[in-house]
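Enquirer: Fold the following for me, if possible:
(2 chains)
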Protein chains: 2
Amino acid sequence: MRLVVVGGVAAGTKAAARARRVNPRLEITVYQEEPEPSISECGLPYLLSGTVSGRRRLVARTPEEFARDGIRVLVRHRVEEVRPEEGRLLVRDLAAGSVFEDRYDRLVLATGARAVPLGVPGSGLEGVFNLRFLTDADRILDHIRRHRPRRALVVGGGYVGLEVAENLRLLGMEVVLAQRPRRVATAYDPEISRRIEEHLRERGVELRTGAEVEELRGDGRVREARISGEAVEAGLVVAGVGIEPEVDLARRAGARIGTTGAVWTDRHQRTSLPEVWAAGDCAQTRNRITGGPAWVPLGDTANQTGRVAGTNAALGEDAEEFPGVLGTGIFKVFDLAAGKTGLSEAEAAGAGLEAVAATIESRSRAGYYPGAGRVLLKLVAERGSGRLLGAQALGPGADKLTDVCATALWGGLSCSDLINVDLAYAPPYGPVLSPVIQAATVLQRRLSQPPK
Amino acid sequence: MRLVVVGGVAAGTKAAARARRVNPRLEITVYQEEPEPSISECGLPYLLSGTVSGRRRLVARTPEEFARDGIRVLVRHRVEEVRPEEGRLLVRDLAAGSVFEDRYDRLVLATGARAVPLGVPGSGLEGVFNLRFLTDADRILDHIRRHRPRRALVVGGGYVGLEVAENLRLLGMEVVLAQRPRRVATAYDPEISRRIEEHLRERGVELRTGAEVEELRGDGRVREARISGEAVEAGLVVAGVGIEPEVDLARRAGARIGTTGAVWTDRHQRTSLPEVWAAGDCAQTRNRITGGPAWVPLGDTANQTGRVAGTNAALGEDAEEFPGVLGTGIFKVFDLAAGKTGLSEAEAAGAGLEAVAATIESRSRAGYYPGAGRVLLKLVAERGSGRLLGAQALGPGADKLTDVCATALWGGLSCSDLINVDLAYAPPYGPVLSPVIQAATVLQRRLSQPPK
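Expert: As a prediction, the model looks like this:
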């Protein structure tokens, strides 16, 4: 019995490792286009500043280590065609330049996501990069080393853009962050974005929101950008204008593509094709709150869907189920943590839910305990049912508050359930009543008032 | 309508403040024996080392501030008798030395807990203290200032004993921690206690577990202790051998005392007496997991039960319900955090539950991200149902892991629910799959194996 996995980052390697565990006799091959498999992509921004020192640290497992578990990982191999009716693949060996045929009994697609191209004149200049792969980080670092740019332009204020801006700033570069949306971190509600923007400015990032990067110019190598009509010096450009699921292979093989643009999967990570599963950034899943389709290209979800796909593909049955996502995420930008789970107020409205929200300011420790920092927590619940819909947290301990709210959402708790939740208190770890309890208390009061 | 609250620390002041909020016309009087109300008792150990600088910081609200909200707080007043059939009280004014009668329509008992006396010869020597009240901290600090003891003995290895040991050590004192139980933090399972003990020793605390403090000796002032037959120098002794609910007043008034020794209350914090509620460390509540009675004398629970008692007493009806506790707690000792929620493995067995446990070691950040520390997480679940019963966490981020597990317990989640829970991931905040997910995955495997 032969399992082939297409893609060797988080979901693909997890699927392969898991398949090996549940079925020791399976033949397992992973094809991977990039030269290294099993990369911790979320660590790439930190490689730029040296916060993470040495690219080797981001390689979780080498092909040799996989081989010890009887998993064949072939890097620099691109799967170019899948023929599901025959169980066959066409694979290009990028090093040799040759194409060969392979066969599978079961297939896991973990083709990931690709960067949306910047698509402005001058995007092809030397010194203009995306940051998706370890090789991208290598190239950026090489460019910095050779040309020592004084000033960098980061295009896009999502997670990656913000993290890249921080890490280039830590190198001492002047950093301009430009983007079309009028505020950064648009997955969050405006009051959170505003605080993130304040923090970026405090740390010396020049913010240009609602701005259009129209052109990049240089003499072979990038020298400046035209942003909304104005010339801005930039000796390095990193584009983080978004990613999109890599579904070409799946589409050509006839797999159903979901409304999010990612490969449709059922609750067992099966695609519409027989004996083909999908996992990670290329796969569509479900939002637990709205019940609708979701595409959440994050590392933890990739590991979880990879695990489910690997188990089910190895056994050839619907043994494990992936219950969907809440869209939980967190990022750090300089000294600020921002986390979110479930729906923002705007997203709740967009999903046709009547939402009520409460935002509180609190502290990360007892007020009298040294080092207590300001924390903001916003809770969103559904009017009528009181069902919790989402939370956004900002400041020290935002990871804890986000995770508590995510667990509450996971359990389907309502706002009133949170008022007396028995959380851990000691002065170094929070105020006597957790910000979660404080926010729930305020929100419950609003929920019991008639709508304005 | 007149509400009297007996006790002005966490539960009493919360009940009074809450009662004021829901019923602006209520007359509210709080009687409090100690000279300051509204003390953050959990902060007392940190006052010793100066980590919290200035006793004033632990006074959350002064009588003058309460007066502005129309709450009369009378300090140095001891309620000596309650006559529920008449709605009358006898109150002693400790400053004036006089006794007067007062009346109430509704009464909240928030008499707290008292330190279990050390009860060995020499306990009355100068330099031997408990640490329950701000005045205790004042006296300890005064003793240290005047006599500069080189060496301190802390008796008892519960939360308070451990925190006091740390804070005296931070002052540069030699610290001996002695206790009768064979391990510290007995609410935790042995492997956790062992790690805490290692950490204490690394930080220079001399541990004497399974030891009997037999006598304290000195010339008026304590000089040494006899511990299991051996003489140990000690110029300061702080006893933290436990606390017990202060129920004398309630008992004499005829209130039902629960099996835990605390004042019995129903789900609305009502006692067995008409128009009398109880809250905080003097009150018994329910354990959500076992369904049995619980006495959990902690600050956050005191605030929550105080809130419920205050609301219900103010309205004179069963408006709010306290849903019970999980027994969640956390403490810091030097650089180590230890948190717990629900039942330990031993407690689960004691409650007649067939428990299965899994302990994992993980990290507080992605392995490649600087500053990642070792984290231990133990999950306990019920065989058969898979219902989560408890969790214990140790190391950086133990507060987060404990709170996530507490929320899961609160929502009645099972181990399998946690395998795919959508928590927040970014490299500075944890490994790609949370220790909660890692531990649940291991535990789920054990749950599906037949018992050994």
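Enquirer: residues of stretch A:222-236 that come out buried?
Expert: A:222-227, A:232, A:234-236 (16 or more other CB atoms under 10 Å in any protein chain shown). From N, CA and C alone the C-beta is placed, and that goes for glycine too.
Enquirer: Do you know the pLDDT at the residue of chain A found nearest chain B?
Expert: Nearest residue of chain A to chain B (CB to the nearest CB) works out as residue A:411 at 2.6 Å. You'll see residue A:411 listed with a pLDDT of 97.
Enquirer: tell me, how many neighbours does residue A:90 end up with?
Expert: The local packing of residue A:90 (other CB atoms under 10 Å in any protein chain shown) involves 14 other residues.
Enquirer: Is it bridged to anything, and to what?
Expert: Beta bridges link residue A:90 to residue A:81, residue A:101, judged by DSSP bridges.
Enquirer: wait, it sits on residue A:99?
Expert: Yes - counting by CB atoms under 8 Å, residue A:90 touches residue A:99, with 5.9 Å between them.
Enquirer: Find residues that contact each of those two.
Expert: Contact criterion CB atoms under 8 Å, 6 or more residues apart in numbering or on different chains; residues shared by residue A:90 and residue A:99: residue A:80.
Enquirer: What average pLDDT does the helix or strand containing residue A:215 get?
Expert: Here residue A:215, judged by DSSP states H and E, is contained in strand A:213-218. Mean pLDDT, computed over strand A:213-218, is 98.
Enquirer: Packing partners of it?
Expert: strand A:222-227 (3 or more CB pairs under 8 Å, 6 or more residues apart in numbering or on different chains; DSSP states H and E).
Enquirer: elements contacting the strand it packs on?
Expert: So strand A:222-227, by 3+ CB pairs under 8 Å, 6+ apart, packs with strand A:174-178, strand A:213-218, strand A:230-233, strand A:236-239.
Enquirer: Mind jotting down where the helices sit in chain A?
Expert: A:10-22, A:44-49, A:63-68, A:134-147, A:159-170, A:190-202, A:248-252, A:299-315, A:345-350, A:398-410, A:415-418, A:435-447 (DSSP state H).
Enquirer: what would the ones you listed look like in TSV with mean neighbour count?
Expert: Formatted as TSV, these follow (neighbours: other CB atoms under 10 Å in any protein chain shown):
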stretch	mean neighbour count
helix A:10-22	25
helix A:44-49	24
helix A:63-68	14
helix A:134-147	16
helix A:159-170	25
helix A:190-202	17
helix A:248-252	16
helix A:299-315	27
helix A:345-350	18
helix A:398-410	29
helix A:415-418	24
helix A:435-447	22
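Enquirer: Just send the ones you listed back as JSON lines, with distance to residue B:423 too.
Expert: As requested, those are exported to JSON lines (distance: least, CB to CB, whole Å):
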{"stretch": "helix A:10-22", "distance to residue B:423": "15"}
{"stretch": "helix A:44-49", "distance to residue B:423": "20"}
{"stretch": "helix A:63-68", "distance to residue B:423": "27"}
{"stretch": "helix A:134-147", "distance to residue B:423": "26"}
{"stretch": "helix A:159-170", "distance to residue B:423": "16"}
{"stretch": "helix A:190-202", "distance to residue B:423": "19"}
{"stretch": "helix A:248-252", "distance to residue B:423": "28"}
{"stretch": "helix A:299-315", "distance to residue B:423": "7"}
{"stretch": "helix A:345-350", "distance to residue B:423": "19"}
{"stretch": "helix A:398-410", "distance to residue B:423": "5"}
{"stretch": "helix A:415-418", "distance to residue B:423": "17"}
{"stretch": "helix A:435-447", "distance to residue B:423": "15"}
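Enquirer: on that earlier part again, which of the helices and strands packed on strand A:222-227 sits most buried?
Expert: Neighbour counts (mean count of other CB atoms under 10 Å in any protein chain shown) averaged over each of the helices and strands packed on strand A:222-227 peak at strand A:236-239, with a mean of 26.
Enquirer: Residues in contact with it: which ones?
Expert: A:115, A:117-118, A:123, A:127-131, A:140, A:143-144, A:147, A:149, A:151-156, A:161, A:164, A:168, A:173, A:216, A:222, A:225.
Enquirer: domains for chain A, by residue range?
Expert: With automatic domain parsing as the criterion, the domains of chain A are listed as A:2-114+A:244-315, A:117-241, A:339-447.
Enquirer: and the first one, how far apart are its ends?
Expert: End-to-end distance of domain A:2-114+A:244-315 (CA to CA, to the nearest Å): 12 Å.
Enquirer: can you check stretch A:246-255 too?
Expert: Start-to-end, stretch A:246-255 (CA to CA) is 13 Å.
Enquirer: average model confidence for that stretch?
Expert: Mean predicted confidence for stretch A:246-255 is 98.
Enquirer: and if you look at stretch A:191-200?
Expert: 96.
Enquirer: for chain B, what are the nearby residues on the stretch 51-200 of chain A?
Expert: A:51-52, A:57-58, A:159 (CB under 8 Å from any CB of the partner chain).
Enquirer: ok, 7 Å please
Expert: A:51-52, A:57-58 (CB under 7 Å from any CB of the partner chain).
Enquirer: what about residue A:392, neighbour count?
Expert: Neighbour tally, residue A:392, other CB under 10 Å: 29.
Enquirer: now swap in residue A:434 and tell me
Expert: Count around residue A:434 with other CB under 10 Å applied: 27.
Enquirer: Kindly provide the distance from it to residue A:395.
Expert: Distance, residue A:434 to residue A:395, using CB to CB, to the nearest Å: 14 Å.
Enquirer: With residue A:170 instead?
Expert: 20 Å.
Enquirer: thinking in terms of the whole chain, how far from its middle is stretch A:363-378?
Expert: Taking CA atoms, centre = their mean, to the nearest Å, one finds the center of stretch A:363-378 at 28 Å from the center of the full chain.
Enquirer: rewinding a little: closest to residue B:405 among the buried residues of stretch A:222-236?
Expert: Of all the buried residues of stretch A:222-236, the one with the least separation from residue B:405 (CB to CB) is residue A:236, at 44.1 Å.
Enquirer: What residues are bridge-paired with that closest one?
Expert: residue A:152.
Enquirer: So, low pLDDT: which residues of the stretch 351-452 of chain A?
Expert: Applying pLDDT under 70 to the stretch 351-452 of chain A flags residues A:452.
Enquirer: Return the residues of it in contact with chain B.
Expert: So the stretch 351-452 of chain A meets chain B at A:366, A:368-370, A:399-400, A:402-404, A:406-408, A:410-411, A:413, A:417, A:420-429, A:432-433 (CB under 7 Å from any CB).
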